[in-house]
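> have a look at this prediction, sequence included:
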Amino acid sequence: NSRYQLSSLPLQILFYVNGIYYIFYFLVTLAMIVYKSQVFSYPDDFLARDLALLFIMAILEALRLYLGSKGNLTEEEAPLGLSLAVTLGSVVLSVYFLVWQTYVLKADVILNSVLLCAYGFESVLKVTAIAAFVS
């Protein structure tokens, strides 16, 4: 009655690295929003929106990483699938900070491009892991 381990080590490592990177991303993006609000004329309602979206993104990120890690370690496709769905929200918010936020600096472009690449790579590994769990 031997049972193979189906959970993905590369995916688990990527969850950990993404968690560390997101903390860095959040702090730098928050600092840049504060910087932009001091240096540029930042309409108040736009400042509030950018800050609110950053905090919503942080909540989504925590949920995404928790569900993904739990699903991978317990080899259950449902939490991993939910994590994949939440990733779509995170991608939309990352694109917002890359393209649509009030002021986009070169640092925003770099930070969000790295984040989007990580989401893409992680999503491929999630789909692969879900396929392994289901089969």
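Here it is on my side, so go on.

> Ala132 contacts Leu6, doesn't it?
Yes - using Cβ atoms under 8 Å, Ala132 is in contact with Leu6, at 4.8 Å. Any C-beta I mention is one placed from the backbone N, CA and C, and that applies to glycine too.

> mind checking how far Pro10 is from Glu122?
10 Å (Cβ to Cβ, to the nearest Å).

> who has more neighbours, these two?
Glu122 (22 against 12; other Cβ atoms under 10 Å).

> and the pLDDT for that one?
Looking at Glu122, its pLDDT reads 97.

> now do the SS call for it.
helix (DSSP: H, G, I helix; E, B strand; the rest coil).

> just how off-centre is the helix or strand where Tyr25 lies within its chain?
For Tyr25, the host element (DSSP states H and E) is helix 9-39. For helix 9-39, the gap between its own C-alpha mean and the chain's C-alpha mean amounts to 9 Å (Cα atoms, centre = their mean, to the nearest Å).

> name the residues of stretch 54-70 that come out as buried.
54, 57-58, 60-61, 64-70 (16 or more other Cβ atoms under 10 Å).

> ok, those residues vs Asp108, which is closest?
Nearest to Asp108, judged by Cβ to Cβ, of the buried residues of stretch 54-70 is Leu54 at 11.4 Å.

> find the nearest non-adjacent residue to the closest one, please.
Nearest residue to Leu54, sequence neighbours excluded (Cβ to Cβ, 6 or more residues apart in numbering): Thr29, at 5.8 Å.
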